[in-house]
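**Q** model this:
(2 chains)
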Amino acid sequence: MLTKKLKIGIVCPYGWDTPGGVQNHVRDLAEFLIAAGHKVSVLAPATDENQLPDYVVSAGKPISIPYNGAVARVLFGPIAYARVRQWIASGEFDLLHLHEPAIPSISLLACWAAEGPMVGTFHAAAKRQKVIFAIGPILEPAIEKLSARIAVSEAARLTLTDHLETDAVVVPNGIYAKRYSAGIFHEKWAGNTIGFIGRFEEPRKGLQVLVDALPIIARFAPDVKVFVAGPGDPKEFVKEINPQLRDRFEFLGRISEQEKADFMSSVSLYVAPNTGGESFGIILAEALAGGACVVASDIPAFDSLLGGGEFGALFESENSIDLAKVIIDLLRDENKRKALASAGKKHAQIFDWDVVAEQIFSIYEMAIVGSKGVSLSSDGRTWGRFLSRDEEKK
Amino acid sequence: MKSLLFVGFLLLVSLWYLSFLATRLDRLHHRVETSWANLDVLLQKRAAIALEIAHSDLADPASSMLLTGAAYQARDANVKNRSMAESGLSGALGLIIADGLPHATDSEQALLQELSALTAKIRVAISIHTDAVSSAQMVRNKFVVKTFRLAGTAPLPLTYEFESDVL
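**A** Residues are numbered from 1 along each chain as shown, chains lettered A, B, ... in the order given. This is a model prediction of the structure:
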């Protein structure tokens, strides 16, 4: 139903050159919309302005601030605000799509500066923080300008209703499902193998839980191997591992998208032992689409993505004994593994960009009904009307 | 002299705040109106599809009568009774879909598909509209807004009751 061609401005709050879920989502969405014939401009902070795709406009160099238990590379301040205003004024957009507008970033600045149809996507899931009482009244007038809000998961939606007392429509993050289902089976990763992808040095990714479970697993499946892919220095990590088990780990470093698809199609089990801080779990959607049998911790995001265990096995988060039990059970029972994997692969289609982008676009269509496009906001609008000056010149 | 300046400053700040609040409220009313217009169009479309289904072979004479009645009721209802009439239409459509599916021809299948796509959109539109209404109501209930009659003559936005599980 992508019939009417629009000019869409997307704001990405995080540095374009640092890897991250929101950046990937914005990139994929922008490229999908461009392929569908729309005009898209993405405003994002960037360190190196020369290496940007031509649809990205740099808002300046990002700065690192601690936020929500991690370091966020964002941008704000008077110069950034001026750039945002200039981008909005010169863009002549039909619609703005702001990502994560509730954090101090150019998304919030754009929300503040613009007037007209705006859609906001909320990615983060966090527990209720006390500080929200202080910043709520500042955020509220800005956030309520959004014509429609999207949350990427049920967890993100709950965070939003908790923090800002406003509801949202849940539209999942997108993946290119076909790329993953076309993954090639590699013998070297097959057998009694367990796959893990992510920045394994970060405790919240939970690789330690898997390491702790391995002695038990090795007793029942002596030939078990663990493949770990993702950026980081394995030497430091290996030091902590029981010497007898060290040779069962193989570190692949960072892998390409193609290798990732092959990886997901080849390993017996894909394990996501994350201990929290996850809002959606895009990697699980990719694993499912690649046809892997998924084992994940039962944190809310994973539980809802896996349909409460219907599309992948769940274990009690941070409980390595429970993880071992689930893994052994699945390694021994090939039929169960295959059944889970094929149910998961079918389910993964709902995360395909074809489906997701159409949902997002139908929200765009609702947001732009009866509007004349995006313009800079003037908070003196009432004064203008009072003095009978016509503010809307178009 | 100093205190006079201070009072003047306070007056200016409060004036600015009042105009800020009024702008905010104006924006919210606008949002309520557009989201309602949106929902209204989708609901009208649904009523049209319901009529089409009623006239197709999917419906036996009895359910056709029920559906036609519900669709006309939904079209004619005023704003206050709208949600009830639409729920009635949802119920009637639910009955047909529940037992009409197995012997549907291709064109009827397409009709049903259109209906389910529309239903998904309506669900989104409802949630957008309810959200707009509740934030407008929240701001209108503020003490300052009430005392200074910042809402002017704009009617209080109505909550649109809808049971999403019926849809």
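**Q** part of a strand, is A:Trp16?
**A** No. Using DSSP: H, G, I helix; E, B strand; the rest coil, the secondary structure at A:Trp16 is coil, not a strand.
**Q** so it sits right up against A:Gln23, yeah?
**A** Yes. Under the criterion of C-beta atoms under 8 Å, A:Trp16 makes contact with A:Gln23 at 6.2 Å. The way it works is simple: take the backbone N, C-alpha and C, and place the C-beta from them, glycine included.
**Q** any idea where the helices of chain B begin and end?
**A** For chain B, applying DSSP state H gives helices covering B:2-55, B:61-76, B:79-100, B:106-140, B:143-147.
**Q** chain center to the second one: distance?
**A** Its chain's C-alpha centre lies 21 Å from the corresponding centre of helix B:61-76 when counted by C-alpha atoms, centre = their mean, to the nearest Å.
**Q** Any buried residues in that helix, and which?
**A** Buried residues in helix B:61-76, counting neighbours by 16 or more other C-beta atoms under 10 Å in any protein chain shown, are found at B:63-64, B:66-68, B:70-71, B:73-75.
**Q** can you redo those as CSV with distance to A:Phe311 and pLDDT?
**A** Converted to CSV, the buried residues of helix B:61-76 look like this (distance: C-beta to C-beta, whole Å; pLDDT from 0 to 100):
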residue, distance to A:Phe311, pLDDT
B:Ser63, 37, 80
B:Ser64, 40, 85
B:Leu66, 39, 87
B:Leu67, 37, 87
B:Thr68, 42, 90
B:Ala70, 38, 88
B:Ala71, 38, 89
B:Gln73, 42, 87
B:Ala74, 38, 86
B:Arg75, 42, 86
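**Q** Which neighbours do A:Trp16 and A:Gln23 have in common?
**A** A:Ala44 (C-beta atoms under 8 Å, 6 or more residues apart in numbering or on different chains).
**Q** Give me the more crowded residue out of these two.
**A** A:Trp16 (25 against 20; other C-beta atoms under 10 Å in any protein chain shown).
**Q** Please report the distance of that one from A:Ala59.
**A** In this structure, A:Trp16 and A:Ala59 are 9 Å apart, going by C-beta to C-beta, to the nearest Å.
**Q** Common neighbours of those two, please.
**A** With C-beta under 8 Å, 6+ apart as the test, A:Trp16 and A:Ala59 both reach A:44-46.
**Q** What about these, which one has the most neighbours?
**A** A:Ala44 (27 neighbours).
**Q** I'd like to check which residues are in contact with that one.
**A** Contacts of A:Ala44 by C-beta under 8 Å, 6+ apart are A:11-16, A:23, A:26, A:56-59, A:106.
**Q** So which of these is the closest to B:Leu25?
**A** Minimum distance to B:Leu25 across the contacts of A:Ala44 is 25.7 Å, recorded for A:Val11 (C-beta to C-beta).
**Q** Surely that closest one is in contact with A:Glu100?
**A** No. In this structure, A:Val11 is not within contact of A:Glu100 by C-beta under 8 Å, at 9.1 Å.
**Q** any residues in contact with both of those two?
**A** Each of A:Ser107 lies in contact with both A:Val11 and A:Glu100 under the rule C-beta under 8 Å, 6+ apart.
**Q** More neighbours: which of the two?
**A** Neighbours per residue, other C-beta under 10 Å: of A:Val11 and A:Glu100, the larger number sits with A:Val11, 30 against 22.
**Q** Can you tell me how far the more buried one is from chain B?
**A** 19 Å (C-beta to the nearest C-beta, to the nearest Å).
**Q** Now that residue: phi and psi?
**A** phi -110, psi 120 (degrees, to the nearest 10).
**Q** Report the separation between A:Leu323 and B:Phe9.
**A** Here the distance between A:Leu323 and B:Phe9 works out to 63 Å (C-beta to C-beta).
**Q** Repeat that for B:Lys146.
**A** Using C-beta to C-beta, which is the criterion applied here, B:Lys146 is 25 Å from B:Phe9.
**Q** hmm, back to that, please identify which of A:Leu323 and B:Phe9 sits among more neighbours.
**A** A count of neighbours by other C-beta under 10 Å puts A:Leu323 above the other of A:Leu323 and B:Phe9, at 27 against 10.
**Q** What is the neighbour count of A:Val369?
**A** 15.
**Q** could the helices of chain B be laid out in a markdown table, adding distance to A:Ser90?
**A** Output for the helices of chain B, formatted as a markdown table (distance: least, C-beta to C-beta, whole Å):
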| stretch | distance to A:Ser90 |
| --- | --- |
| helix B:2-55 | 23 |
| helix B:61-76 | 44 |
| helix B:79-100 | 41 |
| helix B:106-140 | 29 |
| helix B:143-147 | 35 |
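**Q** between these, which gets nearest to A:Thr166?
**A** Of all the helices of chain B, helix B:106-140 comes closest under C-beta to C-beta, at 5.8 Å.
**Q** Does the closest one reach chain A?
**A** Yes. Applying C-beta under 8 Å from any C-beta of the partner chain, one finds helix B:106-140 touching chain A at B:120-121, B:124-125, B:127-128, B:130-131, B:134-135, B:138-139.
**Q** TSV for those, including distance to A:Ser317 and pLDDT?
**A** Shown next, in TSV, are those (distance: C-beta to C-beta, whole Å; pLDDT from 0 to 100):
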residue	distance to A:Ser317	pLDDT
B:Ala120	33	86
B:Lys121	36	88
B:Val124	32	87
B:Ala125	37	89
B:Ser127	30	86
B:Ile128	34	88
B:Thr130	34	87
B:Asp131	32	87
B:Ser134	34	88
B:Ser135	35	87
B:Met138	36	87
B:Val139	40	88
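**Q** Quick one: buried ones out of the residues you listed?
**A** B:121, B:124-125, B:127-128, B:130-131, B:135, B:139.
**Q** Can you add distance to A:Arg157 and give the residues you listed back as CSV?
**A** Formatted as CSV, these follow (distance: C-beta to C-beta, whole Å):
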residue, distance to A:Arg157
B:Lys121, 19
B:Val124, 13
B:Ala125, 17
B:Ser127, 10
B:Ile128, 14
B:Thr130, 14
B:Asp131, 12
B:Ser135, 16
B:Val139, 22
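**Q** circling back to that earlier point, need the contacts of A:Ala44 in JSON lines with pLDDT, can you?
**A** Shown next, in JSON lines, are the contacts of A:Ala44 (pLDDT from 0 to 100):
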{"residue": "A:Val11", "pLDDT": "96"}
{"residue": "A:Cys12", "pLDDT": "95"}
{"residue": "A:Pro13", "pLDDT": "94"}
{"residue": "A:Tyr14", "pLDDT": "93"}
{"residue": "A:Gly15", "pLDDT": "92"}
{"residue": "A:Trp16", "pLDDT": "93"}
{"residue": "A:Gln23", "pLDDT": "92"}
{"residue": "A:Val26", "pLDDT": "95"}
{"residue": "A:Val56", "pLDDT": "95"}
{"residue": "A:Val57", "pLDDT": "94"}
{"residue": "A:Ser58", "pLDDT": "93"}
{"residue": "A:Ala59", "pLDDT": "92"}
{"residue": "A:Ile106", "pLDDT": "94"}
